[in-house]
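Trainee: Got a sequence here, can you build the structure:
(chains A and B)
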Amino acid sequence: MSVLSSAARGEPIEVRSLTKQFGKVTAVNDLTFSVQPGRITGFLGPNGAGKTTTLRILLDLVESTSGSCTIGGRRYRDIEDPARHVGAVLEATNFHPSRRARAHLQMMAIAAGIERARVKEVLELVGLAADAHRKVGGYSLGMRQRLQLAGALLGDPGVLVLDEPSNGLDPQGIAWLRDLLRRLAREGRTILVSSHLLAEMAQTVDDVVIVSRGRLRVQGPLSVLTTEAHSSMRVRTPEPERLAALGRGAGFVPRLLSADTVLVDGATPEALGPILAASDLVVYELVQVSQDLESLFLELTTSMTEAARPVEVLQP
Amino acid sequence: MIQLVRSELFKLRTTPGPWVCVAVTVLLTGLGITTSFIVGHHGNVHFTAPTTPLELRNLVGAGYEAGVVMAPVIGVICITTEYRHRILTATLLLHPRRAEVITAKVVASGIWSLVMSVASFAMVAAMGIPLLVAEGGSVSAMLHQVGPVVPGILAAYLLLAVYGMGIGTLVRNQIAGVILALGITLVLEPIIVAIFSSLAHMDVNFLPSRATQAVAGGLVPRGTGGGGGAGAQLLSWWLGAIALVCWGVGTAFVGYFTTFRRDVT
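Mentor: Numbers count the residues shown, from 1 in each chain, chains lettered A, B, ... in the order given. Got it, this is the predicted structure:
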């Protein structure tokens, strides 16, 4: 039985020139990005990058210094029945430890005007039905995280904002969450998810927004960012110097890896293949080396000169 | 707004703190009932049935002192629990308009304080009437005092809970809020009354405890801020009610703009 309505419509999230200062500290600095319905967007950045602050501004928990955040063109506070439009998971500590899990969701359902029967449905969806009578204080971190997700899904919203939703989940739980998010995205919902688990994000998200020190580093489809835009070709050849010269001539950045192997940064099979064919160069091996999300993330967020790095925004 | 008030009431009844407040109110009411039967005369203490209208009023209103102590506490708890257990995030995600949240909490803590006062009157009926009968007192004479006393006590509980809500909105920390609410009533006010009424001859009747006394129809809390003397002139009940509402709404208003609107990080 499906407990998520396919009729729920996703709405775009727009963050425009957002800045937030806490005293002298600038947590978010002129941040602009957008999140589209029907896609899972990973919101990535190192600790202190401003992710949580951005999400809290989006949800009207924190006031921005300047700029705007909207969901479907409206500020969160202007959305009627927000629980039916936006579901949020922020941190797994937002519970009264003496309240039972079912009562927590019932409290939410009453506040949002959602029928009580829905509580049972979402408890079953997140696998907590058998433990719903227990006090939340006795829950593990993973169980609290599932309860947070149940609360987020209570109103069957079209937009989900999830801050580190896989924290505390076991591998089965992470796989379950991945499948759930994919299903929700297929239904046309908008999903913005922040996480530190890059390998998991790489398997889950369609788009990424990478921030560092409160500024946008890159936004775009993950497939584009990790293959086409940042792909390299590893070539084994008896004539590495000639290959390097050909690569440089075509605008790529060749690097000698060993006596017979050259890494041609920026090249794709479609770009390099014809050049090699036209030059009659002997090739023993030609392999595309895609940059994975982790190396992309590290490159964008640990560079000492990142302040000078231009922002990249790639279209899907 | 009705959904929000219902949700706040649900929050109160699904956590132990508010029920502890009810239990302590009943317990303190029991002490108040016992005190109503104790009469000191020329150094001798007797346990005897109250007979005069004033004594019977104090028996019917035996839960008054419990209300003076516990009604502000429920107001404080209603708001500071949100900070203590960090559930304000969930509350504001459901209702991002914070002024409405404060309003709902004022209403919910007021309703819960009425539950506490009803429990207090139930204790008077369950313990006071059998004791009165056992000591040869007149139940019908006691029942004659119900009409004059009960509305004032109910109003006092209600307004004190609103006053506590105001304190809780001003002070995020739950323990500090409870200490502040009780400290003002039990410690600070008697000192202010003693200093300003006798030395500066200032009108202290607008202070929360004195205003509460006025609302409750002149019932005198024994040793709980009733300084100024039992015979001191009090405000009329409605002026006392206005004074208490001003204390509650005033502190809530200040708390809303200084504390409650802050970023929830």
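
Trainee: so which residue of the stretch 51-200 of chain A comes closest to chain B?
Mentor: A:Ala111 (3.6 Å; CB to the nearest CB). Placement of C-beta: from N, CA and C, glycine included.

Trainee: Can you tell me the element A:Glu294 falls in?
Mentor: Using DSSP states H and E, the element containing A:Glu294 is helix A:293-302.

Trainee: Equivalent analysis for A:Ala278, please.
Mentor: Going by DSSP H and E, A:Ala278 is in helix A:269-279.

Trainee: Next: A:Lys20.
Mentor: strand A:13-22.

Trainee: who does that strand pair up with?
Mentor: strand A:25-35 (antiparallel), strand A:66-71 (antiparallel) (DSSP bridges).

Trainee: Tell me which of these sits nearest to A:Gly173.
Mentor: strand A:25-35 (24.1 Å; CB to CB).

Trainee: Put the alpha carbons of that closest one into PDB.
Mentor: Output in PDB follows, covering the C-alpha atoms of strand A:25-35 (Å, rounded to 0.1, in the frame of the first residue of the first chain):
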ATOM      1  CA  VAL A  25      31.200  36.000  11.200                       C
ATOM      2  CA  THR A  26      29.700  35.700   7.700                       C
ATOM      3  CA  ALA A  27      28.100  32.200   7.700                       C
ATOM      4  CA  VAL A  28      26.500  32.600   4.200                       C
ATOM      5  CA  ASN A  29      27.900  35.000   1.700                       C
ATOM      6  CA  ASP A  30      25.900  36.100  -1.400                       C
ATOM      7  CA  LEU A  31      24.700  32.500  -2.000                       C
ATOM      8  CA  THR A  32      22.500  31.800  -5.100                       C
ATOM      9  CA  PHE A  33      21.300  28.500  -6.300                       C
ATOM     10  CA  SER A  34      18.100  26.800  -7.300                       C
ATOM     11  CA  VAL A  35      16.600  23.300  -6.800                       C
END
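
Trainee: Only alpha carbons, please: show the next helix or strand after it as CSV.
Mentor: Following strand A:25-35 in sequence order, the next helix or strand is strand A:40-44 (DSSP H and E). Included here for strand A:40-44 are C-alpha records, laid out as CSV according to Å, rounded to 0.1, in the frame of the first residue of the first chain:
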residue,chain,number,x,y,z
ILE,A,40,17.4,15.0,-5.8
THR,A,41,19.8,17.9,-5.1
GLY,A,42,22.7,17.3,-2.8
PHE,A,43,23.7,20.3,-0.8
LEU,A,44,27.4,19.7,0.1
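
Trainee: Give me the mean pLDDT for whichever helix or strand comes after strand A:40-44.
Mentor: Remark: after strand A:40-44, the chain's next helix or strand is helix A:51-58, criterion DSSP H and E. Mean per-residue pLDDT for helix A:51-58: 92.

Trainee: is the residue lying closest to A:Thr261 once chain neighbours are set aside in a bridge, and if so with what?
Mentor: Leaving out its chain neighbours, the residue that sits closest to A:Thr261 by CB to CB, 6 or more residues apart in numbering or on different chains is A:Arg236, at 5.1 Å. Beta bridges link A:Arg236 to A:Thr261, A:Glu285 when assigned by DSSP bridges.

Trainee: surely A:Arg236 meets A:Ala259?
Mentor: No: in this structure, A:Arg236 is not within contact of A:Ala259 by CB atoms under 8 Å, at 9.9 Å.

Trainee: which one of these two has more residues nearby?
Mentor: More crowded of A:Arg236 and A:Ala259, by other CB atoms under 10 Å in any protein chain shown: A:Arg236, with 18 against 8.

Trainee: so what's the more buried one scoring on pLDDT?
Mentor: 91.

Trainee: hang on, the earlier thing: let me know the helix or strand that the residue of the stretch 51-200 of chain A closest to chain B is in.
Mentor: helix A:101-112.

Trainee: Show residues contacting the helix or strand just after that helix.
Mentor: Downstream of helix A:101-112, the next assigned helix or strand under DSSP H and E is helix A:117-125. With CB atoms under 8 Å, 6 or more residues apart in numbering or on different chains as the test, helix A:117-125 has contacts from A:3-4, A:101-102, A:105-106, A:109, A:129, A:132, A:150-151, A:153-154, A:156.

Trainee: send the alpha carbons of helix A:117-125 over as PDB?
Mentor: Taking C-alpha atoms only, helix A:117-125 is exported to PDB below (Å, rounded to 0.1, in the frame of the first residue of the first chain):
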ATOM      1  CA  ALA A 117      -4.800   7.800  10.600                       C
ATOM      2  CA  ARG A 118      -1.900   9.200   8.700                       C
ATOM      3  CA  VAL A 119       0.300   8.800  11.800                       C
ATOM      4  CA  LYS A 120       0.000   5.000  11.600                       C
ATOM      5  CA  GLU A 121       0.800   5.100   7.900                       C
ATOM      6  CA  VAL A 122       4.000   7.100   8.200                       C
ATOM      7  CA  LEU A 123       5.200   5.000  11.200                       C
ATOM      8  CA  GLU A 124       4.800   1.900   9.000                       C
ATOM      9  CA  LEU A 125       6.600   3.600   6.100                       C
END
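
Trainee: Buried residues of it, list them for me.
Mentor: Residues A:Arg118, A:Val119, A:Glu121, A:Val122, A:Leu123, A:Leu125 are the ones in helix A:117-125 that count as buried (16 or more other CB atoms under 10 Å in any protein chain shown).

Trainee: Whatever helix or strand B:Gly110 lives in - contacts with which helices or strands?
Mentor: Using DSSP H and E, B:Gly110 sits in helix B:98-123. Applying 3 or more CB pairs under 8 Å, 6 or more residues apart in numbering or on different chains; DSSP states H and E, we find helix B:98-123 packed against helix B:2-13, helix B:16-36, helix B:64-84, helix B:88-94, helix B:146-170, helix B:237-255.

Trainee: among those helices, which is nearest chain A?
Mentor: For chain A, the closest of the helices and strands packed on helix B:98-123 is helix B:2-13, at 3.6 Å, according to CB to the nearest CB.

Trainee: The residue of the stretch 51-200 of chain A closest to chain B and B:Ile2 touch, don't they?
Mentor: No: applying CB under 8 Å as the test, A:Ala111 and B:Ile2 come out as separate, 10.7 Å apart.

Trainee: returning to what we had before: what angle do the helix holding A:Ala111 and helix B:2-13 make?
Mentor: 160 degrees (axes from the mean of the first three to the mean of the last three CA atoms, to 10 degrees).

Trainee: What lies in contact with helix A:101-112?
Mentor: Under CB under 8 Å, 6+ apart, the answer for helix A:101-112 is A:81-84, A:95-96, A:99, A:114-116, A:118-119, A:122-123, A:128, A:131-136, A:139, A:147, A:150-151, A:154-155, B:3-4, B:6-7, B:10-11, B:14, B:90-91, B:94-95.

Trainee: Could you give the number of residues near A:Glu80?
Mentor: 7.

Trainee: Perfect, that will be all.
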